[in-house]
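Enquirer: sequence and predicted structure below; questions after.
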Protein chains: 2
Amino acid sequence: MGYSIGQIAHKTGLSTHTLRYYEKEGLLPFIRKNSAGLRVFSDNDLGWLGMIECLKETGMPLKGIKQYIDWFIEGDSTLSQRLDMFQKQKKRIEEQIALLQKHMERINYKISLYEEAVKKGSLDAAFAIPELNEKRKQFLTKTDKKIQ
Amino acid sequence: MGYSIGQIAHKTGLSTHTLRYYEKEGLLPFIRKNSAGLRVFSDNDLGWLGMIECLKETGMPLKGIKQYIDWFIEGDSTLSQRLDMFQKQKKRIEEQIALLQKHMERINYKISLYEEAVKKGSLDAAFAIPELNEKRKQFLTKTDKKIQ
DNA sequence: ATTAAACCTAGAGTTAACTCTAATATAAAA
DNA sequence: TTTTATATTAGAGTTAACTCTAGGTTTAAT
């Protein structure tokens, strides 16, 4: 089955501009063109777009995605590089989730604080509540980022 | 206690350039300067940097963070806007975690696939394994992004 | 057969978030 | 007290990832 660039834009939520840009950047090297020079996308291309979306939304830059595609094209001699890439990406996802969960605690504290503040009509009044003021301290003690 | 911009750069992992840039963008309007014009950061400023980090790393653009700071400066008349902002940010974090977990499944599949491929020395050989080929289908069926 | 919609390329423009430079001033160390 | 490190500003430059434009071609609908 063949799809036009517009159909693929509709299916993926990407713009036709972005799809052409991805192709230009080497992220979609499998797309065929018909006799008139129009792109014809296959289900396989849609599959690649799914993989690109996955890697992009887990924080990989387009350059990194291109490297993966280049390795794929190179064939079985790059299997271990690709495995390594996916293992590193898994680790990155785990770190991202952990970071988001850490930040969620602070946001939850802020929500409690502001719920109370809205109720009382004053932020200072919310701080006066022992429980909230106690939890606040948790986020004030920041340790150094860089190791000396 | 007062800190120099260099000390804060060290503590936060941000560059002095970035710290000045943040101040210029209105993200750090509380920083004092000494008689010679040098910035003197307080523990409170460090606290703000912690909040900025939290919002930034959960996907809020600097513009959005500035809005929050502007609301803070405006005072108690903006409490509900700030509560709303944090509630929306919480929702965004939940969505981000859910998305990362979804993508993690695909990455886990790829890791299984490439572990097998590395073992066999061939990607096609890995696809020949029924279990992996079965799981593959899960990621081929993509539904449309846009609602018609 | 005509018109409107969708497509093509090359290349310019945009945005966010830095990142760096130059020329100069202040502070800390030897 | 001289050197070295750190700081200042204004403004230019960079990078990633789009996003758009212009001028022309192809396809689909009437």
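Expert: Received the coordinates, thanks.
Enquirer: show me the shaky parts of chain A.
Expert: For chain A, applying pLDDT under 70 flags the ranges A:141-148.
Enquirer: show me which residues of it sit near DNA strand C.
Expert: A:Ser4, A:Ile5, A:Gly6, A:Gln7, A:Ala9, A:Thr16, A:Arg20, A:Lys33, A:Gly37, A:Leu38, A:Arg39 (Cβ under 7 Å from any atom of the strand). Backbone N, C-alpha and C define where each C-beta goes, glycine included.
Enquirer: among those, which ones are in strands?
Expert: Within the residues of chain A next to DNA strand C, residues falling in strands by DSSP state E are A:Lys33, A:Arg39.
Enquirer: the residue in chain A that DNA strand C sits nearest to - nearest residue in space that isn't next to it in sequence?
Expert: Using Cβ to the nearest atom of the strand, the single residue of chain A nearest to DNA strand C is A:Gly6, 2.6 Å away. Spatial nearest neighbour of A:Gly6, excluding adjacent residues (Cβ to Cβ, 6 or more residues apart in numbering or on different chains): A:Thr16 at 6.2 Å.
Enquirer: repeat that for A:Val40.
Expert: Leaving aside its chain neighbours, A:Val40 sits nearest to A:Gly2 (4.2 Å; criterion: Cβ to Cβ, 6+ apart).
Enquirer: my read: the one you found touches A:Ser42, true?
Expert: Yes - counting by Cβ atoms under 8 Å, A:Gly2 touches A:Ser42, with 6.5 Å between them.
Enquirer: check the contact lists of those two and give me the overlap.
Expert: Residues touching both A:Gly2 and A:Ser42 (Cβ atoms under 8 Å, 6 or more residues apart in numbering or on different chains): A:Arg32.
Enquirer: how about the most centrally placed residue in chain A, what does it touch?
Expert: Residue closest to the mean C-alpha point of chain A, counted by Cα atoms, centre = their mean, is A:Glu57 at 2.1 Å. By Cβ under 8 Å, 6+ apart, the contact list for A:Glu57 reads B:Leu99, B:Leu100, B:His103.
Enquirer: so which helix or strand takes in the last one?
Expert: Under DSSP states H and E, the secondary-structure element containing B:His103 is helix B:79-120.
Enquirer: next helix or strand past that helix?
Expert: helix B:123-127.
Enquirer: do that following helix and chain A meet?
Expert: Yes - counting by Cβ under 8 Å from any Cβ of the partner chain, chain A has neighbours in helix B:123-127: B:Leu123.
Enquirer: quick one: A:Gln101 and B:Ile97 touch, right?
Expert: Yes - proximity of A:Gln101 to B:Ile97 meets the contact threshold set by Cβ under 8 Å, at 7.2 Å.
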